[in-house]
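1. Kindly generate the corresponding structure for this input.
(chains A and B)
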Amino acid sequence: MSAWIRNDTTPTAPWRIGVDVGGTFTDMVLADANGTIHTFKVPSVPADPSEGVVRVLQTAADAWQLPLGSLLGDCNLFVHGSTVATNTMLEGKGATVGLITTRGFRDSLEIRRGFRENQWDHRRPFPPVLVPRYLRLPVGGRIDRNGDEIEPFVPEDLEAAVREFQLEGVEAIAVALINSFLNPVHEQACAEMLRDIWDGEPDLVSLSSEIMPIMGEYERTSTTVINAYLAPRVVPYLKELNARLASSGLARPFLLVQSNGGMTSVERIATRPVNLLLSGPAAGVGALNAYRSASTTDNLISMEIGGTSCDVMLMGQGTVPVHDELMVAEYHVASPAVNIHTIGAGGGTIAGVDDGGMLFVGPKGAGAVPGPACYGLGGSEPTVTDAQLILGRLREGPYADGSISLSRELAEAAIKQAVADPLGLSIEDAAAGIVRVVEQHLLLAVQRISIERGHDPRDFTLVPAGGAGPMHGAPVGRALGCSRVYIPRHSGVFCALGMLYTDVRHDITRVFLSTVDNAEPDDIEAGFTTLEADARKMLAEEGFEGSAVRLARELDLSYRGQQWVVRVALDADGGRDPADIRSRFEQEYDRLYGHTQPDGTIEISNQRVVGTGLLPELSLGRSERTTKEPVPLETRSVYISPENGWQDIPVFAGNELRPGHVLDGPLLIEERTTTVLVGSGDRLQVDDADNLVLELQTIDS
Amino acid sequence: MSRQSLEHSQGTDIDPISLALTQNRLDDICRQMGWVMTRTARSPIFSDSHDFSCFITDHEGTLVSQADGIPIHTGGGGFTVAAILSAFGERISEGDVFVSSDPYAAGGNHLPDWVISRPIVTDGQLIGFTCNRAHQSDIGGGAAGTYNARATEIWHEGIRLPPLRIVEQGVMRQDLWRLLLLNSRTPDLMDGDLRAMVGSTRIGVERVNDLARELSVGTTVEFIAAILDHGERRLRSALKTLPEGRYESVEYTHTDCFEEVDIAIRAAVTIDKGHATVDFTGSDPQMRGFKNSSLVNTHSAVYLAITSYFEADLPRNGGAFRAIDVVAPLGTVVNPRPPAPLSMCTATIAHEIGHSVWKAMAVADPERACAGWGKSIHGITAGGMGTPSPWVMYHWNTLSGSGAVKGRDGFNQFGHVGTLGGITMHNIENYEQRYPVQFVRQEFRCDSAGSGEFRGGTGIDYEVMIGEKAEYSFRGEGLIHPSGYGTNGGTIGEPGRMTLTFDDSAQIEAPQYGVETYAPLQLHALSPGGGGWGNPFKRDAKYVLRDTLDGVVSPEAAETVYGVALSSDRREIDLDKTNRLRDVNTTADA
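-> Now for the predicted structure:
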């Protein structure tokens, strides 16, 4: 088991702890009363993720020679990010679910609206439907498009369905009826009856009108089914972990990061486990929050690159957009989720040449096993990591406290055979080409989430994170036209750190079908007031009241006939003035698409309220400045860029660099879990928060 | 289009890294154009059904890159730009935008698909075009919604556009724009959609210009040629996996839209050294109704059928298509003489062309055979014409079942071959808000799928009440005759059926083709099932059990068609009886 401590001084109580259980590692970050950050990492225990949580806590306690009880006892905020929901989906190990539908519409879940990721890939089946047809059972009763009951609910149908469910061992029930977003009365009747006639817990019944009352039966049904599918697997696990930590001394129940980038309580998530699907990566919002003040900008783009994938997230003026669209393991989820764009590009991404002679990099990756060829674990296909080794940016020999060792010989052989020889290039040129292509993928991914959303990346600071991010920060930032790249020293525990800077958040929605000009201002106001009361109640139950509560109003708007809505923020008491709504919509629409339709009819589809429970502020601690000149570990021949070629450059150990240091590139910095490349003409500064700030030489200058 | 062979062109001095970067970037530009289109267009046919395609051609009109969009548009690009070049030649300037549609005069595929084309001029040199082909909501003609099933001449199908310069050096020709809108029943939708199309090509030109300035114009042109060469090598290498020879097949449509008549599409596919020739000689003469295939559509359908036989990542550009020759005799259903009508061709007869090519390829390579897809029956209902809010509703939710391939069953509801399933269906809740309709049912059929080791898709049982007097355009190709053929021992899927019930309980069979106006009614449709792949007696018995539990295969059919007997409570397989049934079958086989 490898564990490491960034700072071995004992922390000052009280502290906050964030634990992020990922697929490979369980990360822990502790921020003490001085704002000093301490990090720990242990291998995850996939069979019992809570074991990894306890182990990483024990590792920290041992390192400081504290009893576990004190470590937890002096913790005033414990935040948990968990992949347990995501993994349940990826492994297909959720509950046996029974689905109640409206008679005539049993198959909406399996038809999937025919949606294909790539229609040319027609030989590929859909993923297995989460509820087989024989467990999707209809009930009579119909609500029409005005929300009026035109056929009464038929209780006998539900009784028959439940008999079938009992026979087939159904563990959780989802109820999703047509037009229930307009009138939930039939779904509520089902829930009421199920309490009497079904043996399961009421928490294991999910109603679509409660989980996500949006228009569109497929997405609403899919989301509700996934909620039911997760509930029996996720909720008991979280409750047990909470009990286990409480018995070990944790004073307050822990909070969980949700897909919307905000936190909530275990109690609240028990009825909404579907909101946990992005629990880990969504904590990146908190990390960007943490770096906002240190980097003195509200415009940040993070690029978290691991072994096989890269997650890109944009924070514009301090806000990360939240959408209702999420795709997990090819299943559709309409639950509020921060907008993260993921591509298959990381250290383990495989390069090759197709049978027409064209170089490709990705999207396939070598995974943790066998991993890059240079790991010597049996991988023979060249990866980005192999290319970086050839280019001198990584060195031969042991990394990560000796758990892996890189072999140049294996990297060379793999690149020669799969890329250099087929293209008629030297091994070095082939390696440089692989890196250029993967950096193009990264660039296009960042552009997709910035330029295509009406943001100019030149106004942003790029935040590369993850093990492989800091190697690509400078080149990708330069290609984007960014002037600055901010590399967190804790880039390897980006999400765990983010958990400590995350507020509690609830997104609630109500369908509102009208046009801006025809809507009654009183109706809009009444809708918002209802949603706000719900939000206040939810936050109060979690201990937030008065000035710790912030409420924001939003409307989903579109020009008449358009299928894509634009989410527009209103003032705290906004919504009564059609002219104000129009001008806000036009401003946002113009920013997104570069034009508007003057006098075009604007349709409203949803009202939304975002309720935030604000935690006391926690700033990144400041480290002491030093005047001592840093001394490089070595000078190494490294390929810098197509323009600057190979040069002998200094390589610094990360812990040699302290706040106050200013160095001019090109140079390399070897941190424990990552390597930073600083390009020619770039200037590196270590800021007071002990993070690395690169001022980039832009292409034009 | 140039047809020179590129067997030996790999050893050029082009930097392979920059070439890969350029190809990725051009593909990304096409994708961005599509993104702008789906987000800004008005008519749901784009955002939901993706009935459009964005593409980039070289300066001669050869398709270089295409993204998003509907597969049956693949390969039409070059013809459109070639028509613009021949109409305007040297008089094409920076800032111009062209619009065109006509299949006979403008390289169009069918009249409703309008193409916006914009020249890419960098440093004074024309290096290509960015284009967007998109299905308009209405273009006049004899029926609302662009499908006039009564058409016998192209003039019945709507306004015909030769290549027109709609924007002249940056200035919109307002008179022409008004002319176009005046010819549509839904001018507001058309106005919004055309603006979205124009906007998407502008983004495309800006991005390609950036690229060309970075690389230099000369290098860009060289790289585009190299990208086409690469496409050709990839497709040739795929075609080389097929045994050489000549493979023949025939596929029929059974109506000319007016009467029952068998019309044959005969395809002979010759595979020779990584090259395919698809020869339609012997196909029947052009028909009276609107299902004739324009030459562009025939090319696209052939390209679609051949490339979809192989890996999904094959390039589909003008370079790849150099590995395919199409022989389509003039005056036949696959290359009619004017003024034959042809608006239906992107669905039917593209479907039949696709089937004919797939069937021929199945002879060459049975393992990879694609069983037939149920033909489409989705008609259109339109109302409110002449009022401020006209509406045109496509019955997408009647899509048919697709055919099986080895390793996967057919999709139960998927759409026709021309889309390869790339149609997104609507939520009925959204439709109920948008149109005066109320849905009764959209569920899988039982015993309708072609049987096989992998069975076909079931097709759908669909019922909807339409609450207003409305006009119906019927396009029931998949009615009456079964259409999803089986392969490798699999069987054909059931045909579709459509009935109309009126307020006074009177009931009629819907016409297979035609345009009619009716009072409020209830439309009931059964869409056809897809074909199966392989011997049904070899289907894994547990899948048969699952199908019976799911109610898409009856216990009787399980026994007679699949040789799988169930226990008395029908929850388990009766192993003994099943073994007996299946042994008998195997013996009979031998």
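
2. can you tell me if stretch B:72-81 touches chain A.
-> No: against chain A, stretch B:72-81 shows no contacts by CB under 8 Å from any CB of the partner chain, the least distance being 9.2 Å. Placement of C-beta: from N, CA and C, glycine included.

3. Pull the residues that contact that stretch.
-> Stretch B:72-81 is contacted from outside by B:1, B:52-53, B:55, B:57, B:60-63, B:66, B:100, B:106-109, B:113, B:115, B:117, B:129, B:131, B:133, B:295-297, B:299-304, B:307, B:316, B:318, B:321, B:346, B:350, B:418-419, using CB atoms under 8 Å, 6 or more residues apart in numbering or on different chains.

4. For it, the averaged confidence score.
-> Mean pLDDT, stretch B:72-81: 87.

5. What ranges in chain A fall below the confidence cut-off?
-> A:1-8, A:400-401, A:699-701 (pLDDT under 70).

6. And the residue nearest the centre of it?
-> In chain A, the residue lying closest to the centroid (CA atoms, centre = their mean) is residue A:281, at 2.7 Å.

7. Tell me which helix or strand it sits in.
-> According to DSSP states H and E, residue A:281 maps onto helix A:279-282.

8. what's the neighbour count on residue A:559?
-> 18 (other CB atoms under 10 Å in any protein chain shown).

9. Show me what it is bridged to.
-> Note on residue A:559: beta-bridge partners residue A:602, judged by DSSP bridges.

10. The contacts of stretch B:72-81 also near chain A: which ones?
-> B:307, B:316, B:419.

11. dump the residue contacts of the first one.
-> So that's residue B:307. A:120, B:74, B:235, B:314, B:316, B:320.

12. and the residues you listed as TSV, adding secondary structure?
-> Converted to TSV, the contacts of residue B:307 look like this (DSSP: H, G, I helix; E, B strand; the rest coil):
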residue	secondary structure
A:120	coil
B:74	coil
B:235	helix
B:314	coil
B:316	coil
B:320	helix
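
13. For the stretch 451-600 of chain A, which residue gets nearest to chain B?
-> Residue nearest to chain B within the stretch 451-600 of chain A: residue A:563 (3.7 Å; CB to the nearest CB).

14. So what's the residue count around that residue?
-> 17.

15. gap between it and residue B:503?
-> 33 Å (CB to CB, to the nearest Å).

16. How about the contacts made by residue B:345?
-> Residues near residue B:345 by CB under 8 Å, 6+ apart: B:109-110, B:290-294, B:297.

17. before we move on, what SS does it have?
-> Going by three-state DSSP: residue B:345 is helix.

18. Residues in contact with stretch B:176-194: which ones?
-> A:559, A:561, A:597, B:40-43, B:46, B:99, B:114, B:116, B:134, B:136-140, B:144, B:158-159, B:161, B:164, B:166, B:385, B:390, B:392.

19. Can you list which of those are found in helices?
-> Those of those mapping onto helices are B:40, B:46, per DSSP state H.

20. pretty sure residue A:199 is in a strand, no?
-> No: the assignment for residue A:199 (three-state DSSP) gives coil, which keeps it out of a strand.

21. Break the chain down into its domains, please.
-> Picking chain A for this. As given by automatic domain parsing, the domain ranges for chain A are A:504-613, A:634-695.

22. Let me rephrase: I mean chain B.
-> Taken from automatic domain parsing, chain B resolves into B:9-234, B:369-534, B:538-589.

23. Give me the mean pLDDT for the second one.
-> This predicted structure assigns domain B:369-534 an average pLDDT of 95.

24. Backbone dihedrals for residue B:52, please?
-> phi -160, psi 170 (degrees, to the nearest 10).

25. buried sites along stretch A:621-631?
-> Residues of stretch A:621-631 classed as buried: A:621, A:623, A:630 (neighbour count, 16 or more other CB atoms under 10 Å in any protein chain shown).

26. picking that back up, same for the helix holding residue A:281, what does it pack against?
-> For helix A:279-282, the packing partners by 3 or more CB pairs under 8 Å, 6 or more residues apart in numbering or on different chains; DSSP states H and E come out as strand A:75-82, helix A:84-91, strand A:255-257.

27. Find out how far it is from the centre of the chain, if you would.
-> Remark: helix A:279-282 is offset 4 Å from the chain centroid, using CA atoms, centre = their mean, to the nearest Å.
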